[in-house]
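K.L.:
Here's my sequence, what's the structure:
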Amino acid sequence: MKILRIPFVAILLVLAVRELNVSAQTETNLHSFAGYPSADGNNPHYAGLVQGSDSNFYGTTSSGGANCPDIGCGTVFRISPSGTYTTLYSFAGSPDDGADPEGGLVQGTDGYFYGTTEEGGTNGCNCGTVFRISPSGSYTNLYSFGNSPPDGVNPFGALVQGSDSNFYGTTRLGGANSAPNGGPGTVFRISSSGSYTSLYSFADYPTDGVNPSGALVQGSDSNFYGTTSSGGANLFYGTVFRISPNGTETTLYSFGSSPGDGTGPESGLVQGSDGNFYGTTFGGGTNLYYGTVFQISPSGSYTNLHSFAGAPNDEKGPSGALVQGSDSNFYGMASGGGTNCNCGTVFRISPSGSYTNLYSFAGSPYDGANPYAGLVRGSDGNFFGTTIAGGSLNFGTVFELDVGLGPISTNCTYSINPTNAVFDVGGGSDSVSVTAPNGCDWSATNNDSFITITSGSSGSGNGTVHYTVAANTNSSEQVGTMTIAGQTFTVTESGTTSTGGCTYTLNATSVTLAAKGGSKNVSVKVKGTDCSWTAVSNDPFITITSGSSGTGKGKVDYTVPGNTNTTALTGTMTIAGETFTVNQAAGGCTFKLSPKAGKIKAAGGSATVKVGPNFSDCDWTAVSNDSFITITSGASGTGKGTVTYTVPANTTTNILTGSMTIAGENYTVIQAGVK
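P.N.:
Sure, this is the predicted structure:
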């Protein structure tokens, strides 16, 4: 049976006509959810909206729909800017489908929408899924969580598509540092076809955060940034962290570090035009723990911008991510507080902390109540969002709010630099800078197949488009174009018989490595004079150690670590315009314990267990399953390690038998009795 999560803030609704707010913003209720047992969804919860390339908005509800008993397993829906609503898909739950999509959707560069469900899946543990759905409702379950550690359990936030075209997300539970269905949570990567990698397993305080709830955001430095709702150096107040695309994690800030600090961030971050990140905490602050808005730099410099004060004039419990408007201010929502029924608000805050309550929700039957998700700014300049309650049947709403910013396209002018590029016959990689005002959206498309956009296919304001040009196998010169922010960018590439033309070949086009990985190299052969080339890794598990560029013939050295995943990996490098494929066999971490069991005298004492993994980057933990066994050191580790434990004296004549679970293996401890 599906369990409905009750919001942390009590939902207090009043049956009253919606009052006009003091800022005179125009709010329109576009749709009131009807709930189960109708085909309509209800309770969009933390799932915000995303505007698709067709100008419609797409979202999820965590319950309702045409399937599942009691309250329904949730839906995916589409709604037009004018309020025309369509249920695209009703989840059916385990054992074949997902259930309870708490996070929102993201539209990939392929036009499909990608999302997660917190529950359901095919592994029998109700651990959640990743899915793909087309704008017309064609649905595919890409991955079911809960295979075994280090797999995650119960994804809660939305996905984000990285510059490498893969999707990145988090799970609230699971990971290598826990038994199945529990633990601190993970960060994962998944391709559009469902190829899954667990990148990082959280390890709990005092150094690490636990239970990430919000979506990740990729910063301008290509790293991902996010929050955990608990853990950190201050026990259970949460953290801000940074993680690289290959899984290197750094805790930037632990909440609760000073009086009045925020606690329990439940949403993700947004990077502002100033390069800093902005976010909210659900609790903490200087006013009875009603929550905060904060700013943090990529290096971890932290500022508390605003502490919420609660009803009747302020709001409380912000849980959705912020969004930056074209006026450089940030806009967000809080789940409670306001001037009406404690039903929540929409607020504006400047990068320096100047705060304004823009709108107070009034609840059923005319207005929404208790928004838990973030806002999205539509192409018409208005904000769109969801509430988990209120509306004509008190099952939540979709609404539009006009704050007077005007259409995004107003006064948008674009320029690109450079406007053209010339390549030798071997091709290569380069980038184009886009200059545009804040809030002005743009896209980039290649008009010829030998040009591939690798990142920056869309953006808002200033941005960068990265692209590669494949080697030209034709004798004649070829010319192609990209359309970037409405401007034409021209690429000219020499042919194999062009004057000074260069041709490049590799001594091999692919390699297959064992699960243990290793170091290899690729030789580059060149025909022509002054022929330069570059080599880049397109997948984080492949590291180029030398030969990232050269002129004339050369060699590219690279390394691949042990594959700790139970599935095979495939990645590529682009070398002198040629694609080199690296295949690595399935691995997974296995461990040997020495000795295989412990024998302790009646007098008790201390003993050790050596942990031997098959790969040096395998994480493990050790826990005692019986009270008379105490682990004194080595409760967790990476690679080889030692677990030390003590056993007190046995004053009885009975033999005592207990156990520890070390690196997933059962380790038996037998203690003699008094003779």
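K.L.:
Confirm for me that D539 is in contact with G571.
P.N.:
Yes - applying C-beta atoms under 8 Å, one finds D539 in contact with G571, separated by 2.9 Å. C-beta coordinates here come from the backbone N, C-alpha and C atoms, glycine included.
K.L.:
So for the two, which sits in the more crowded spot?
P.N.:
D539 (20 against 16; other C-beta atoms under 10 Å).
K.L.:
Report the central residue of the chain.
P.N.:
G169 (2.7 Å; C-alpha atoms, centre = their mean).
K.L.:
Which pLDDT value belongs to that residue?
P.N.:
pLDDT, G169: 97.
K.L.:
go on, F615?
P.N.:
In this prediction F615 is given a pLDDT of 84.
K.L.:
Tell me how far it lies from L569.
P.N.:
Look at F615 and L569: by C-beta to C-beta, to the nearest Å, they are 13 Å apart.
K.L.:
related to what we said a few turns ago, what's the overlap in contacts for D539 and G571?
P.N.:
Residues touching both D539 and G571 by C-beta atoms under 8 Å, 6 or more residues apart in numbering: V582.
K.L.:
and S352, what is it in contact with?
P.N.:
L305.
K.L.:
what ranges of the stretch 151-300 of the chain fall below the confidence cut-off?
P.N.:
178-182, 205, 288 (pLDDT under 70).
K.L.:
let's see 50
P.N.:
180-181 (pLDDT under 50).
K.L.:
what do F615 and L569 both touch?
P.N.:
With C-beta under 8 Å, 6+ apart as the test, F615 and L569 both reach N563.
K.L.:
burial of N370, as a residue count?
P.N.:
Neighbours of N370 (other C-beta under 10 Å): 28.
K.L.:
please begin residue numbering at 53 from this point
P.N.:
Happy to do that; since the first residue is 53 now, the last one works out to N422.
K.L.:
ok, it to F447 distance?
P.N.:
For N422, the distance to F447 - C-beta to C-beta - is 12 Å.
K.L.:
before we move on, what about D454?
P.N.:
Following C-beta to C-beta, the distance that separates D454 from F447 is 24 Å.
K.L.:
The two: which has the busier surroundings?
P.N.:
Remark: of D454 and F447, F447 carries more neighbours, 25 against 14, as counted by other C-beta under 10 Å.
K.L.:
For the more buried one, which residues are in contact?
P.N.:
S84, F85, A86, G87, D92, N94, N95, G116, A441.
K.L.:
isn't the fourth one right next to N94, touching?
P.N.:
Pointing back at G87 there. Yes - with contacts counted by C-beta under 8 Å, G87 reaches N94, the gap being 3.7 Å.
K.L.:
residues bridging contact with the two, i.e. touching both?
P.N.:
By C-beta under 8 Å, 6+ apart, the residues touching both G87 and N94 are S115, G116, I123, G124, F447.
K.L.:
Give me the next element, helix or strand, following the worst-scoring helix or strand of the chain on mean pLDDT.
P.N.:
Lowest on mean pLDDT, DSSP states H and E among the helices and strands of the chain sits strand 367-370, with a mean of 68. Next along the chain after strand 367-370, taking DSSP states H and E as the criterion, comes strand 375-376.
K.L.:
Got the phi and psi for G172?
P.N.:
Reported as degrees, to the nearest 10, the phi and psi values for G172 are phi 80, psi -170.
K.L.:
Name all residues that make contact with the closest residue in space to F129 that isn't next to it in sequence.
P.N.:
Distance criterion C-beta to C-beta, 6 or more residues apart in numbering; nearest residue to F129, sequence neighbours excluded, is T139 at 5.3 Å. Going by C-beta under 8 Å, 6+ apart, T139 touches A91, D92, G93, G117, A118, T127, V128, F129.
K.L.:
and the least confident of the residues you listed?
P.N.:
Where pLDDT dips furthest among those: A91, at 79.
K.L.:
Any regions of the stretch 53-202 of the chain where pLDDT drops low?
P.N.:
53-75.
K.L.:
same thing but 90
P.N.:
53-79, 86-100, 105-106, 116-124, 145-148, 155, 161-163, 175-177, 198-202 (pLDDT under 90).
K.L.:
all helices of it, in order?
P.N.:
Ranges of helices in the stretch 53-202 of the chain, per DSSP state H, counting those that start in this stretch: none exist.
K.L.:
so which helix or strand takes in the closest residue in space to P647 that isn't next to it in sequence?
P.N.:
Sequence neighbours aside, V661 is the residue nearest to P647 in space, at 7.1 Å (criterion: C-beta to C-beta, 6+ apart). Assigned by DSSP H and E, V661 falls within strand 657-665.
K.L.:
If you count neighbours, what's buried in whatever helix or strand comes next after that strand?
P.N.:
Scanning forward in sequence from strand 657-665 by DSSP H and E, the next helix or strand is strand 671-676. Within strand 671-676, the residues that count as buried by 16 or more other C-beta atoms under 10 Å are D671, W672, T673, A674, S676.
K.L.:
Which elements pack onto strand 671-676?
P.N.:
Judged by 3 or more C-beta pairs under 8 Å, 6 or more residues apart in numbering; DSSP states H and E, the packing partners of strand 671-676 are strand 657-665, strand 682-685, strand 688-690, strand 693-699, strand 708-714.
K.L.:
cutoff 7 Å now
P.N.:
The contact analysis (3 or more C-beta pairs under 7 Å, 6 or more residues apart in numbering; DSSP states H and E) places strand 671-676 against strand 682-685, strand 688-690, strand 708-714.
K.L.:
wait, which of those is closest to S412?
P.N.:
Minimum separation from S412 across the helices and strands packed on strand 671-676 (C-beta to C-beta) falls at strand 688-690, 47.3 Å.
K.L.:
strand partners of the closest one, parallel vs antiparallel please.
P.N.:
For strand 688-690, the paired strands and their directions (DSSP bridges) read strand 671-676 (antiparallel).
K.L.:
contact partners of stretch 466-478?
P.N.:
Outside stretch 466-478, the residues within contact range by C-beta atoms under 7 Å, 6 or more residues apart in numbering are 482, 484-488, 494, 521, 523-524, 536-539, 541-548, 550, 553-556, 583, 585, 628-629.
K.L.:
can we see that at 6 Å?
P.N.:
With contacts defined as C-beta atoms under 6 Å, 6 or more residues apart in numbering, stretch 466-478 is touched by 482, 484-488, 494, 521, 523-524, 536-539, 542-546, 548, 553-556, 583, 585, 628-629.
K.L.:
buried residues in stretch 481-499?
P.N.:
S481, V484, V486, A488, G491, C492, D493, W494, S495, A496, N498.
K.L.:
do the same with stretch 593-604
P.N.:
F593, I594, I596, G599, S600, G602.
K.L.:
go on, stretch 160-173?
P.N.:
Under 16+ other C-beta under 10 Å, the buried positions of stretch 160-173 are G160, Y164, F165, Y166, G167, T168, T169, E170, E171, G172, G173.
K.L.:
Next, count neighbours for the nearest residue to T302 once chain neighbours are set aside.
P.N.:
Nearest residue to T302 in three dimensions, chain neighbours excluded: R294, at 4.8 Å (C-beta to C-beta, 6+ apart). Applying other C-beta under 10 Å, we find 19 residues neighbouring R294.
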